[in-house]
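Engineer: Could you look at this predicted model? Sequence included:
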Amino acid sequence: MAQIPILDNAPVNLTSVREQSQKELINILKNIRGKKCLVIDPKLGGSLSLIIQTSILKELGAELRHLSAEPIQTDCSKIVYLVRSQPNLMKFICSNVNNDISKGLQRGYHVYFVPRRTVVCEKVLEEEKIHHLMSVGEYPLYLVPMDDDLLSFELDLAYKECLVDGDTTSLWHIAKGIHKLEFSFGLIRNVRAKGKASVRVADILNRMQAEEPVSSPDMLVPEINTLILLDREVDMVTPLCTQLTYEGLLDEFLHINNGAVELDSSIMGQQEGKKMKVPLNSSDKLYKEIRDLNFEVVVQILRQKATSMKQDYTEMTTTTQTVSELKDFVKKLNSLPEMTRHIHLAQHLSKFTSKPSFLGQLDMEHTIIESQSYDICFEYIEEMIQKQEPLATVLRLLMLFSITNSGLPKKHFDYLRRELLHSYGFEHMATLNNLEKSGLLKKQETKSNWLTVKRALQLVVEDTDTANPNDIAYVFSGYAPLSIRLVHHAIRSGWRPVEEILKLLPGPHLDTKRGGFSNSPSFDTLSGASPNIARATDGRRSLVLVVFVGGVTSAEISALRFLSAQEGMAYDLIIATTKIINGRTVVETFMEKMG
Amino acid sequence: MHWACSKITSSLNIPDATLLELLLDKLKMCKGISYAVVAAHADKNGRRRLAAMLVEHEPRSSKQVPLLLSIGEEDIALMKATESGDTDLVYLVLFHIWQKRQPLDFFGTIQARPLARDLFITYAQYYKHEFLKDFYLSTGQLQDVAFLLWKESWELEKNPTASKGSPLHGPRIKLIEKAKNLFAETKEHAFESKAAEEHAKLLRIQHELEVTTKQAIFVDSSISDTIRTCIVLGNHRAAVRVKTEFKVSEKRWYWLKVFALATVKDWAALEKFSKEKKPPIGYRPFVEACIEADEKAETLKYIPKLADPRERAESYARIGMAKEATDAASQAKDGELLGRLKLTFSQNAAASSIFDTLRDRLSFQGAS
């Protein structure tokens, strides 16, 4: 099964978006004649594995290498760097080039920045005195289709950069990515945003429209009707909780990277000792069916399917079958590899989920979210620190605790931080500083309004039927993601009905309609702002693009798909995110070891 | 466009405002006109003010900002770049101003503009460390200098020519103490100041320990790890010394000592420790440590001492003693716990077999 997802079922032509990216990269390579060594920064390489097959690159005469400080081993005299425009990647290029120079190697250097060349990167190359050796270009990759309803901007540090470093480059990138989509699919009329960064993105998008307008011929209805932008900052509780959907758990325990998990082949029933990549996208029919379901249910489903398969086989071998019955059975057999794949994966996951420590963790997360037993939570976390449990796990719970309480009372704040430094080392002071700057672990200054928000939006749902859910809370077995409740409102009826609650959550919000050629859209809240998104004239459902600024978890994506599939939903959804995240990756972006 | 440029050249006597109106009148009827180019022309003809007014009308920030720079309107350029949200433009202006102005002047300019300031810090952190320090000092952000120094002290540690126990630890500790003093000066970073102070103290103690034990295993471990290592090596006095120096709480001390003794399987010492006085957090640490070390006999010494019958029940369950577990759960009169335990015991047998069964059901003869 391929890692590059089939996008045929996408609500808009995402295949063409991807093909455009393929063409642009192919052209870059074609423009450099002969054999060349293509040096890609590893993270970018990961993103590219969803765009184009490496075999195509090789056919164009490229030898592939990963960017590193090690000298490039190759006979090629042309080196083509394909790197994200991050200044801290320049040092690798410098090290390579200087190494070549010291060895007297004559090479031609090209550097293609993704998504565009920047002053700051070129400044670094200038300071290192190698800029004049480079031929500079750009590869404008802003968005990567991850699946037929999912796009990623591949900006894994966006959240930290904005909150801790004050670097809002990612916001411009997001706006540019959306603007490019508008050139393909038409101007998006309705824009709703919540959060400081989201409102900024909407603003930049309007400026881009003013500077480089997308023209919308009056006959054609834009394919995307509404854009919803939501800051991760508005709901930091959700990503810190352990996801309980099949895909969520796969991500939590096995780490889904670029649409695939990498594991030891023995887990998949093959010979031990090799690493293998298992692609996970909707081209796998079984995966598409079970990825968004609660894990408990998935086990039952797999059991049912296996039993039914066995029964069919028994019938086959014990009774006479007609040719068409045989054909049918053979067709069913085609799903065998998928079934085997997921049975192995599910079994592996259940090793983790059956551990008492896992259930204990879920229990504590639930207690923290209920937010009625401060002391119990405090002591639990204090003990974890004193026992030197893995730092990332501890920080995850501690952040959850701090956020639901709007910070910790000063005494506890200082006490727990000191315990952390004592248990894990003073090198983690930088991490604590980052968390404080971003508001994720801070001193309590105002009273928490988490309980109010929780009640008003009914975030804790008792008696969730995970087998036949009627509420998105099934993705966390009893907690409905705050972010998705908000998005649901935004889609259905705009921000008006939840304005009082929005005021309790960080950041401004806006709800606007954009004109075709107008340069100054009004920013007033429109009364009953388009509560009913009109169906497109050809009877298709309206399309809403939901953009998560700062990241989204796969459980939230599952929740959105659940909503979209409900009776009476008038719209299809496409989800875009800076990156797909989970609690562990969130903590890791803020962790910084001094030295 | 040609018309506009020649109009400028030939209208030396017409005041800026009037000429501007004339030009705008004509130009606004042309689509896609580059005001930037016309403005550049005006500037070249010495009509800077006119150029500035024309540039205002250039919609594309990527054209507007470089032009503003070229006509010396750096502050407006910075403002426009920031408004556009295009950080590349902000960097452009930033580097331009950096080259043109004196440091203090430059610092003052960017301090007033948060985005420019933050981008400057992001860049300077990696490439212009010392200059960044000057910036922080001049704008009174001592805590940021302190953090920089603290981070630098780690770099000293990475120096490969330094052998443990060499004078190189002197400069490192001095840097940390400098950081501590800077934090203290700010009056709002007492926590960080204390932390730096403890860090320096810890390094000194670890340095001494390495000399006395002749083992290079202490420096750069945490306080908790240092204590554990001391106990594991049998040096209880040193462990107590570290405990006292850093005012380690009894609670944490018990966790550390119990697990350290379990690591070296010193069950006798563990038992002695459990009897010294009533453990401040009860006997749970003892039970847990023994269970993790797979020492059933030792575990059984401590389970009965657990005060809470529910804890006793859970512990018996963990070592597979079903009868004792259900007895304790009954004692606790905890029906829910009882039910859960019964389920666990019957499930444990069944749990792992579910998937084996599934796999069996799928392995047909002849099909792969």
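Structural biologist: Great, that's in hand. Residues are numbered from 1 along each chain as shown, chains lettered A, B, ... in the order given.

Engineer: Going by C-alpha atoms from here, please, whenever you check contacts or count neighbours.
Structural biologist: Noted.

Engineer: who are the neighbours in contact with whichever residue of chain B sits closest to chain A?
Structural biologist: Here the residue of chain B nearest chain A is B:S222; by C-alpha to the nearest C-alpha that distance is 4.1 Å. Shown in contact with B:S222 (C-alpha atoms under 8 Å, 6 or more residues apart in numbering or on different chains): A:L421, A:H422, A:S423, A:Y424, A:G425, A:F426.

Engineer: Can you pick out the most distant pair from these?
Structural biologist: Using C-alpha to C-alpha, the contacts of B:S222 span at most 8.9 Å, a distance reached by A:S423 and A:F426.

Engineer: List the contacts of A:A193.
Structural biologist: Contacts of A:A193 (C-alpha under 8 Å, 6+ apart): A:V199, A:A202, A:I228, A:L229, A:L230, A:H509, A:L510, A:D511.

Engineer: Which ones among the residues you listed map onto helices?
Structural biologist: Taking DSSP state H as the definition of helices, these contribute A:V199, A:A202.

Engineer: farthest-separated two in the contacts of A:A193?
Structural biologist: A:L230 and A:D511 (12.1 Å).

Engineer: Settle it for me: which of these two has more neighbours?
Structural biologist: A:L230 (29 against 24; other C-alpha atoms under 10 Å in any protein chain shown).

Engineer: Pick out the residue in chain A sitting closest to chain B.
Structural biologist: For chain A, C-alpha to the nearest C-alpha, closest residue to chain B: A:G425, 4.1 Å.

Engineer: so that residue makes contact with B:I223?
Structural biologist: Yes: with contact defined as C-alpha atoms under 8 Å, A:G425 reaches B:I223; the gap is 6.9 Å.

Engineer: Of the two, which one has the most company?
Structural biologist: Legend: neighbour count by other C-alpha under 10 Å for A:G425 and B:I223, higher for B:I223 (27 against 19).

Engineer: tell me the contacts of the residue lying closest to the more buried one once chain neighbours are set aside?
Structural biologist: Nearest residue to B:I223 in three dimensions, chain neighbours excluded: A:H422, at 5.1 Å (C-alpha to C-alpha, 6 or more residues apart in numbering or on different chains). Each residue near A:H422 by C-alpha under 8 Å, 6+ apart is listed here: B:S222, B:I223, B:S224.

Engineer: So which of these sit within helices?
Structural biologist: The helices, defined by DSSP H, take in B:I223, B:S224 from those.

Engineer: can I get the contacts of A:H422 in TSV with pLDDT?
Structural biologist: Shown next, in TSV, are the contacts of A:H422 (pLDDT from 0 to 100):
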residue	pLDDT
B:S222	97
B:I223	97
B:S224	97
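
Engineer: Arrange the contacts of A:H422 in a markdown table, one row each, with distance to B:D294 as further columns.
Structural biologist: As requested, those are exported to a markdown table (distance: C-alpha to C-alpha, whole Å):
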| residue | distance to B:D294 |
| --- | --- |
| B:S222 | 27 |
| B:I223 | 27 |
| B:S224 | 24 |
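
Engineer: what about A:V546, which SS state?
Structural biologist: strand (DSSP: H, G, I helix; E, B strand; the rest coil).

Engineer: and it, bridged to which residues?
Structural biologist: A:I228, A:I575 (DSSP bridges).

Engineer: For chain A, give the helix that spans the most residues.
Structural biologist: helix A:295-318.

Engineer: And the contacts of the helix or strand following it?
Structural biologist: As assigned by DSSP states H and E, the chain's next helix or strand after helix A:295-318 is helix A:323-333. Residues outside helix A:323-333 that contact it (C-alpha under 8 Å, 6+ apart): A:M309, A:D312, A:Y313, A:M316.

Engineer: what angle do helix A:323-333 and helix A:295-318 make?
Structural biologist: Angle of helix A:323-333 versus helix A:295-318, following axes from the mean of the first three to the mean of the last three C-alpha atoms, to 10 degrees, is 150 degrees.

Engineer: re earlier: restricting to the contacts of helix A:323-333, which residues neighbour chain B?
Structural biologist: By C-alpha under 8 Å from any C-alpha of the partner chain, the members of the contacts of helix A:323-333 lying near chain B are A:M309, A:Y313.

Engineer: I'd like to know which of the contacts of helix A:323-333 are buried.
Structural biologist: A:M309, A:Y313 (16 or more other C-alpha atoms under 10 Å in any protein chain shown).
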